[in-house]
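Asker: predicted structure and sequence below. I'll ask about it afterward.
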Amino acid sequence: MVTSVAERPLLQDFQRAIEELRSHPLISPLLKRGEVNLGALSIEAVAELMKLDAGYYFLIAAAGFNRTSLKKASVSDEAKIVTQSKRKAFAVKERLPIRKAFADVVSGAVALRGGDLDRKSRGGIEPLFRQRLAEEGIGILMSPPVRQVPGILIAKRKPDGVYPDPATGAAPIIYLEIKNVRRVADDIQKRLYEIAEAALEMKFLYGDLRLEGFALKSTKDVLGAPDAFRARLRAQITQALPVVVVLMLCSRTEAERYRAGAQAFVDRVFFQEEITECLEFLRETIARHPQPAKKADGGDE
């Protein structure tokens, strides 16, 4: 969910700038009774407007793009007809409606910009988390450099955090993922699949994972009492290293109901309000599983 404009100074400034497009010389003549005649914009005019942050979001929102879909459209065979500097403008021009209510376009643009600001804000959490780990002497390693753990489904997994350093050839003891979840209802299931998959692969390769199925003959048992099966699966999952931890960057209030299911496949799930608890769990886990000391000749003691 996008934070309200009143609570977001950057988004508030953006909305002010986008409202000022009403008086822009390329937009003002096209406004009539609250509608903007977008079909009258030339590719050159679109390209000029897209040089402005507000103009960029205004036009991609009107065209039904986001940043990712526009990037794809700008490398299509059709877009390659025009010069490279105008390919994004061409893609937008091709998708612009003839007319649309100015207020509706503004609303869509603000939503797009708010989403980008959310992602940028959450993307900044990882370096802060890395700094906090270092300050508190918790030995989880995060990129840079990129840490790679060999796998079989994905040849080189890149966890957000790992202990000990996989560059030494040591098997992971802690495998940490930090997952951005912008819209809980829409996004969290994909994130849960990703982390469950990683946990099973890591525990199969680097731990003594042994799973015993239930051989159920009916789905009714699961529907009637899923918690019992989650608990039995979790008891098997948590017996094997590495300890798999996921920090979900979303509200605990919205996502709490997913915790029990997720923790059937991973050792611990934390939400954005629980960063302190996550750090303490990582510290305690390292204390329980210290990295083997090395002899001077490089052999294990």
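Answerer: That came through, no problem.
Asker: quick one: the helices in the stretch 201-301 of the chain?
Answerer: Using DSSP state H, counting those that start in this stretch, the helices of the stretch 201-301 of the chain run over 220-224, 226-237, 252-255, 259-262, 275-288.
Asker: make JSON lines out of those and add mean pLDDT, mean neighbour count and distance to Arg210.
Answerer: All C-beta spots, glycine's among them, are computed from the backbone N, C-alpha and C. Output for these, formatted as JSON lines (pLDDT from 0 to 100; neighbours: other C-beta atoms under 10 Å; distance: least, C-beta to C-beta, whole Å):
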{"stretch": "helix 220-224", "mean pLDDT": "89", "mean neighbour count": "10", "distance to Arg210": "21"}
{"stretch": "helix 226-237", "mean pLDDT": "95", "mean neighbour count": "14", "distance to Arg210": "7"}
{"stretch": "helix 252-255", "mean pLDDT": "91", "mean neighbour count": "15", "distance to Arg210": "30"}
{"stretch": "helix 259-262", "mean pLDDT": "94", "mean neighbour count": "16", "distance to Arg210": "21"}
{"stretch": "helix 275-288", "mean pLDDT": "95", "mean neighbour count": "15", "distance to Arg210": "21"}
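Asker: and those: which comes nearest Ile27?
Answerer: Among these, helix 252-255 comes nearest to Ile27, with 37.7 Å by C-beta to C-beta.
Asker: which helices and strands sit right next to the closest one?
Answerer: helix 184-206 (3 or more C-beta pairs under 8 Å, 6 or more residues apart in numbering; DSSP states H and E).
Asker: try it again at 10 Å.
Answerer: Counting by 3 or more C-beta pairs under 10 Å, 6 or more residues apart in numbering; DSSP states H and E, the packing neighbours recorded for helix 252-255 are helix 184-206, strand 268-271.
Asker: Leu38: which of the helices of the stretch 201-301 of the chain is closest?
Answerer: helix 252-255 (36.0 Å).
Asker: who touches the closest one?
Answerer: 1, 181, 183-185, 188, 191-192, 248, 259, 262, 269-274 (C-beta atoms under 10 Å, 6 or more residues apart in numbering).
Asker: buried subset of those?
Answerer: Neighbour counting with 16 or more other C-beta atoms under 10 Å marks Val181, Val184, Ile188, Arg191, Leu192, Met248, Ala262, Val269, Phe270, Phe271, Gln272, Glu274 as buried within the contacts of helix 252-255.
Asker: nearest to Phe281 among these?
Answerer: The nearest member of the buried ones among the contacts of helix 252-255 to Phe281, counting by C-beta to C-beta, is Phe270 at 7.5 Å.
Asker: if I look at the closest one, what pLDDT would I see?
Answerer: The model reports Phe270 with a pLDDT of 96.
Asker: residues touching the closest residue to it other than its chain neighbours, list them.
Answerer: Nearest in space to Phe270, with sequence neighbours left out and distances taken as C-beta to C-beta, 6 or more residues apart in numbering, is Cys278 at 4.0 Å. By C-beta under 10 Å, 6+ apart, the contact list for Cys278 reads Phe129, Leu176, Ile178, Val245, Val246, Leu247, Arg268, Val269, Phe270, Phe271, Gln272.
Asker: low-confidence ranges in the stretch 151-300 of the chain?
Answerer: Residue ranges of the stretch 151-300 of the chain with pLDDT under 70: 292-300.
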